[in-house]
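Chemist: Provided below are the primary sequence and the corresponding predicted coordinates.
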Amino acid sequence: MTFSRFSSAAALLLSLSLAGASAVSAQDAPGRGTNPQQAQQRVIEMFLDHATAELNLTAEQRSGLEVALQETMDRRGELARNQQQLRREIRDALSDPETADDEFRRLADASLMLKRQEVELLGWQQDRLLEELTPRQSLRFMLLQEQLAQRIQAMRRERGR
């Protein structure tokens, strides 16, 4: 599987929290009180239901997969917050003509470090999935994640038009 496929699978986990919640909440009737966290949980549940059927998961596998997804989303969220903070620091440094070259080097190093952490997270996620699923199921699951990420991206594009 190529790096871009791994990136798409990882991006899904972040997309679930950012785009999926709004997509599901848009389906909810006004006044039902669905908050983004509840909507996100519904997206995850629907995705897990689909994956359970598609991969013929046992109850134990599904439970383990749910825990693995939550762990991955937690780690992905922390990484995303760090990336967002670094982007702010880079914007500030670029907008200040007095910023020293050493600061730009530090920011470039920090950016590279976060990219490495992203790749490490992908490896960790794959290892974590293999604790719960067979290798075949794990690869199929990552393809299901990629398909969902593509659907979410398509929904975003449609909303943007």
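Modeler: Cool, got the structure.
Chemist: And for residue 118, the neighbour number?
Modeler: Neighbourhood size, residue 118 [other Cβ atoms under 10 Å]: 17. C-beta: built from backbone N, CA, C; applies to glycine.
Chemist: excluding its backbone neighbours, what's nearest it?
Modeler: By the measure of Cβ to Cβ, 6 or more residues apart in numbering, the closest residue to residue 118 outside its immediate chain neighbours is residue 79, 6.2 Å from it.
Chemist: Give the next helix or strand downstream of the top helix by length along the chain.
Modeler: Within the chain, and with DSSP state H defining each element, the longest helix by residue count is helix 59-95. Per DSSP states H and E, helix 59-95 leads on to helix 101-132 as the next helix or strand towards the C-terminus.
Chemist: now for that next one, which elements pack on it?
Modeler: helix 3-15, helix 59-95, helix 135-160 (3 or more Cβ pairs under 8 Å, 6 or more residues apart in numbering; DSSP states H and E).
Chemist: Can you lay out those as CSV showing mean neighbour count, mean pLDDT and distance to residue 111?
Modeler: Supplementary listing: those in CSV, determined by neighbours: other Cβ atoms under 10 Å; pLDDT from 0 to 100; distance: least, Cβ to Cβ, whole Å:
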stretch, mean neighbour count, mean pLDDT, distance to residue 111
helix 3-15, 19, 42, 16
helix 59-95, 15, 94, 6
helix 135-160, 16, 89, 23
